[in-house]
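Engineer: Whatever this is, show me its structure:
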Amino acid sequence: MRTVILIIAAVFWLPVSCCRTEFVPQEGDLVFRVAGDSDAGQAIAAATAQADSVKYEHVGIVEVRYGNVNVIEATGRGGVVRTPYNTFISDSPLVGGNPGVVVKRLDSNALDNEPELAHRAVERAASHIGEEYDWYYLPDNGRMYCSELVYVSWLDSEGNPVFDTVKMNFRDAEGNMPQYWTDLFSRLGRPVPEGKPGTNPNDMSRASVLEEVHRYF
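Structural biologist: Numbers count the residues shown, from 1 in each chain. Below is the predicted model:
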């Protein structure tokens, strides 16, 4: 009887133990957060996302440090910070009841198979911790916005940025300027940097050097 019970238990245990594998991110992975309901998230998605694609509002870079997994990110709340990976996931907007996060990894072939580049990218990102968030969305001003942090951190073996810059666009698909951007730059006393070189999570997510390795929804 005891043998029969053990066999039955093994039958029920085997599929669960074999099929449930928890995703483990690697150093240098990029974590893209789906746009939520906030005015900022909707404004970013409206200006940069494609109609038939997942719409992102934020991106960070994975750090593995002393056995802990973090995300180095530039946020409007605290500037460039180190956030525990699980906190980043749990704080993300929900999609179908699950965290709206997509993890993408740089293709090793596109990086000349140099694994050390990921570690260097993370070190560069960490060197910016403490800098203020770049509400001006301009390059080289001592501040960082999320995709700008990734852009300046991920360099190839010759020191060139892995990702391309684009002409910044703040208008929605109909060509209208969302009130969020008008109000923000009015408070800053600066013109909207329309057409200036920059980056954004949506264009970055479509880079040919990236491949999706996991999504939580």
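Engineer: which stretches of the protein form strands?
Structural biologist: Under the criterion DSSP state E, strands of the chain are mapped to 30-34, 56-65, 68-75, 79-84, 94-95, 98-99, 101-106, 166-167, 197-198, 210-215.
Engineer: Let's have those in CSV, adding distance to residue 121 and mean pLDDT.
Structural biologist: Any C-beta I mention is one placed from the backbone N, CA and C, and that applies to glycine too. Below are these laid out as CSV (distance: least, C-beta to C-beta, whole Å; pLDDT from 0 to 100):
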stretch, distance to residue 121, mean pLDDT
strand 30-34, 10, 98
strand 56-65, 7, 97
strand 68-75, 10, 98
strand 79-84, 14, 98
strand 94-95, 27, 96
strand 98-99, 24, 97
strand 101-106, 9, 97
strand 166-167, 20, 97
strand 197-198, 19, 98
strand 210-215, 13, 97
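Engineer: So for residue 129, which of those sits nearest?
Structural biologist: strand 79-84 (5.0 Å; C-beta to C-beta).
Engineer: Which residues outside the closest one are in contact with it?
Structural biologist: 60, 63, 68-75, 125-126, 128-133, 143-144, 149 (C-beta atoms under 8 Å, 6 or more residues apart in numbering).
Engineer: which stretches of the chain form helices?
Structural biologist: 2-19, 39-48, 85-90, 116-126, 146-153, 179-188, 201-205 (DSSP state H).
Engineer: Tell me which of these approaches residue 30 most closely.
Structural biologist: Nearest to residue 30, of all the helices of the chain, is helix 146-153, at 6.3 Å by C-beta to C-beta.
Engineer: quick one on the thing from earlier: format the helices of the chain as CSV; extra columns: distance to residue 217 and mean neighbour count.
Structural biologist: Shown next, in CSV, are the helices of the chain (distance: least, C-beta to C-beta, whole Å; neighbours: other C-beta atoms under 10 Å):
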stretch, distance to residue 217, mean neighbour count
helix 2-19, 19, 9
helix 39-48, 16, 20
helix 85-90, 11, 16
helix 116-126, 25, 18
helix 146-153, 20, 24
helix 179-188, 25, 14
helix 201-205, 15, 22
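Engineer: Comparing those helices by mean pLDDT, which bottoms out?
Structural biologist: Note on these: helix 2-19 shows the lowest mean pLDDT, a mean of 41.
Engineer: circling back: export the strands of the chain as TSV, with columns for mean neighbour count and distance to residue 49.
Structural biologist: Shown next, in TSV, are the strands of the chain (neighbours: other C-beta atoms under 10 Å; distance: least, C-beta to C-beta, whole Å):
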stretch	mean neighbour count	distance to residue 49
strand 30-34	24	10
strand 56-65	23	7
strand 68-75	21	19
strand 79-84	18	23
strand 94-95	14	14
strand 98-99	16	18
strand 101-106	21	13
strand 166-167	12	13
strand 197-198	16	15
strand 210-215	15	16
